[in-house]
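1. Give me a 3D structure for the following:
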Amino acid sequence: MIIKIVTLFLIAMVVLAMFGKLRFPGQKRLQSARCPRCGRFRIGKGPCACEKGGRK
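-> Residues are numbered from 1 along each chain as shown. Below is the predicted model:
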């Protein structure tokens, strides 16, 4: 009985690992929302705080 539970758990972990390796839609858009200079996320269409000389 315990062997069945362990094997089912391991199979579930393998399935989750396979889904985790997939690239989800919208990944490219998320990367383009980062500032190329400092790597922080930009909110809105304005420049990043590092370009404006704001606080770091």
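2. Let me know the average pLDDT across the helix or strand Val15 falls within.
-> Assigned by DSSP states H and E, Val15 belongs to helix 2-21. Mean per-residue pLDDT for helix 2-21: 91.
3. Distance from the chain centre to it, please.
-> When distances are taken as CA atoms, centre = their mean, to the nearest Å, helix 2-21 is centred 22 Å away from the chain's centroid.
4. now stretch 36-49
-> 17 Å.
5. in it, what's buried?
-> By neighbour count on 16 or more other CB atoms under 10 Å, the buried set for stretch 36-49 is 42, 48. C-beta coordinates here come from the backbone N, C-alpha and C atoms, glycine included.
6. Need the mean per-residue confidence for that stretch.
-> Mean pLDDT, computed over stretch 36-49, is 81.
7. Just the endpoints, please. Distance across that stretch?
-> 12 Å (CA to CA, to the nearest Å).
8. Stretch 19-36 too?
-> End-to-end distance for stretch 19-36: 29 Å, by CA to CA.
9. i'd like the first residue to be 48 from this point on
-> All set: I'll call the first residue 48, so the last point we hit is now stretch 66-83.
10. ok, and what's touching stretch 88-103?
-> Contact with stretch 88-103 is made by 80-82, 84-85, 87, as judged by CB atoms under 8 Å, 6 or more residues apart in numbering.
11. The same query, at a cut-off of 6 Å, please.
-> For stretch 88-103, the external contacting residues (CB atoms under 6 Å, 6 or more residues apart in numbering) are 80-82, 84-85.
12. Reformat those as TSV; add secondary structure and distance to Gly93.
-> Formatted as TSV, the contacts of stretch 88-103 follow (DSSP: H, G, I helix; E, B strand; the rest coil; distance: CB to CB, whole Å):
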residue	secondary structure	distance to Gly93
Ala80	coil	13
Arg81	strand	15
Cys82	coil	11
Arg84	coil	14
Cys85	coil	15
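13. Kind regards, and thank you for your time.
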